[in-house]
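Engineer: Quick one: sequence plus predicted model below, questions after.
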Amino acid sequence: MNTPHTAPEGRPPHRLDPAGGCPHADNARLLAQGAVTPVLLPGDVEGMAVLGHDALRDFLSHPEVAKGAHHFTALAEGRIPEGWPLRTFATVQGMTTADDADHRRLRSLVSKAFTPRRIEELRPRVTALTATLLDGLAEAARAGDGVADLRRHFALPLPLGVICELLGVDGTHQERLHHLSSQIVATDLGPEQVVAANRELVGLLVAIAADKAAAPGDDLISALIAARDEGGDRLAQPELIGTLVLLVIAGHETTMNLVTNAVRALCAHPEQLAHVREGRADWGDVVEETLRWDSPVSYFPFRYPVRDLTVDGTLIPRGTPVLAGYSAAGRDPKAYGPDADRFDVTRGQTVKHLSLGHGPHFCLGAPLARMEATLALEALFTRFPDLGLAVPEAELTRHASFVGNSVRALPVRLG
């Protein structure tokens, strides 16, 4: 499994570290060589990553790039084992693995829960939950000699609580759902752990859906079940469960990383926080610059060319699993200039980034994530204006994944 590989056009493949780590140094090195790079995925599965901003934008919306797992050549040929850590990303049945009419059908069923009107209706609830969690953060700091894990006590329970409330999931399931979600996103687990986590998550969601079918409520799961039962063929059971897997994971993991990364960035760049306080930028600017500068997702799996495709001069063979390199694209000097590595909230929200996707698979929950993060950051730094990291940035332990991009814990002093 460790035999050397020769990448297309002679460029050596970049071996993605299953344990994750900070991606930015590798991204800069790879970008200097080109916008597209061959990669080795876990198990020495050969793939590609599109890293350059313009190349990624065009690739994400290319009509001959698909998401359906049957386009994944190695999977179709039986060369991807059941316990492969990225298999769920390829095979889960839902919007992220559907194309064309199926994708439009599945997306339309969920989109009603994420309309601007519905998101605005959630604002009071998000505001109230934020205030409650800040009370809990303060209590955790008092119990911890002035130090509290902001990720555990604030960045995690806020989006997890909101998405579970939107879905209609009882609070007693939230901790287990997060634990299982984090294992799905991790890329450093062994095959037995991967299989066990997937089976338990699916089993838990099947049980939750069964409870909702027996006692429907005013929530998204009940609405999806009704769509399945009314049309008969509108939403098959595997699609229902796959959609719930997607909504639970994407509905909180990414926003958790976004809030965590924004707090880290502001603590490391107090002059940028001063810009906000002095009115030269607003909290929406902080959110957008964090999305660009330290994307919550580093490499997102998968897309597959349906024919041999040349992207920015590099051939990507048909059926190759391709990662979207969001963290690299956000710091591409060709898109953002020579200071692309600089965190600068005064760039303004007119600076476009790709961290929430592009094209037909643009993140459906983007308005909710933006609203949650904006409210959370404003409330956090208003209540605790002297908040700072309790340990140096370099000592923070990175998330064990090359998919998600953040740290495992964020110990802070509230001041």
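Structural biologist: Sure thing, it's come through.
Engineer: In the protein, where is pLDDT below threshold?
Structural biologist: 1-10, 229-233, 348-350 (pLDDT under 70).
Engineer: Spatially nearest residue to the residue most central in space within it (excluding sequence neighbours)?
Structural biologist: Centroid-nearest residue in the chain, with CA atoms, centre = their mean: Thr254, separated by 3.7 Å. Nearest non-adjacent residue to Thr254, counting by CB to CB, 6 or more residues apart in numbering: Pro296, 4.5 Å away. Every residue, glycine included, has its C-beta placed from N, CA and C.
Engineer: Kindly provide the distance from that neighbour to Leu410.
Structural biologist: Distance, Pro296 to Leu410, using CB to CB, to the nearest Å: 14 Å.
Engineer: go on, His153?
Structural biologist: Taking CB to CB, one finds His153 at 10 Å from Leu410.
Engineer: related to what we said a few turns ago, ok, the residue nearest to Thr254 - contacts?
Structural biologist: Glu253, Thr254, Thr255, Met256, Asn257, Leu258, Asn261, Ser355, Gly404, Asn405, Ser406 (CB atoms under 8 Å, 6 or more residues apart in numbering).
Engineer: Please apply the same query to Leu106.
Structural biologist: Contacts of Leu106 (CB under 8 Å, 6+ apart): Gly94, Met95, Ala98, Leu235, Glu239, Thr243.
Engineer: If we use 7 Å, what do you get?
Structural biologist: Neighbouring residues of Leu106 by CB atoms under 7 Å, 6 or more residues apart in numbering: Gly94, Met95, Ala98, Glu239, Thr243.
Engineer: What is the nearest of these to His24?
Structural biologist: Nearest to His24 among these, counting by CB to CB, is Met95 at 29.3 Å.
Engineer: Leu246 is in contact with that closest one, correct?
Structural biologist: Yes: Met95 lies in contact with Leu246 (CB atoms under 7 Å); the separation is 6.3 Å.
Engineer: higher neighbour count, these two?
Structural biologist: Ranked by neighbour count (other CB atoms under 10 Å), Met95 and Leu246 place Met95 first, with 26 against 20.
Engineer: Please tell me how far Val147 sits from His153.
Structural biologist: Taken as CB to CB, the span from Val147 to His153 is 11 Å.
Engineer: the more surrounded of those two?
Structural biologist: Higher neighbour count among Val147 and His153: His153, with 21 against 16, using other CB under 10 Å.
Engineer: mind listing the strands in the stretch 301-415 of the chain by residue range?
Structural biologist: 309-311, 314-316, 322-325, 388-389, 411-413 (DSSP state E, counting those that start in this stretch).
Engineer: The stretch 101-250 of the chain too?
Structural biologist: Using DSSP E, counting those that start in this stretch, strands in the stretch 101-250 of the chain cover 147-149.
Engineer: Glu288: what secondary structure?
Structural biologist: Secondary structure assignment for Glu288 (DSSP: H, G, I helix; E, B strand; the rest coil): helix.
Engineer: which non-adjacent residue is nearest Leu189?
Structural biologist: Distances taken as CB to CB, 6+ apart place Pro85 nearest to Leu189, at 5.6 Å, with adjacent residues excluded.
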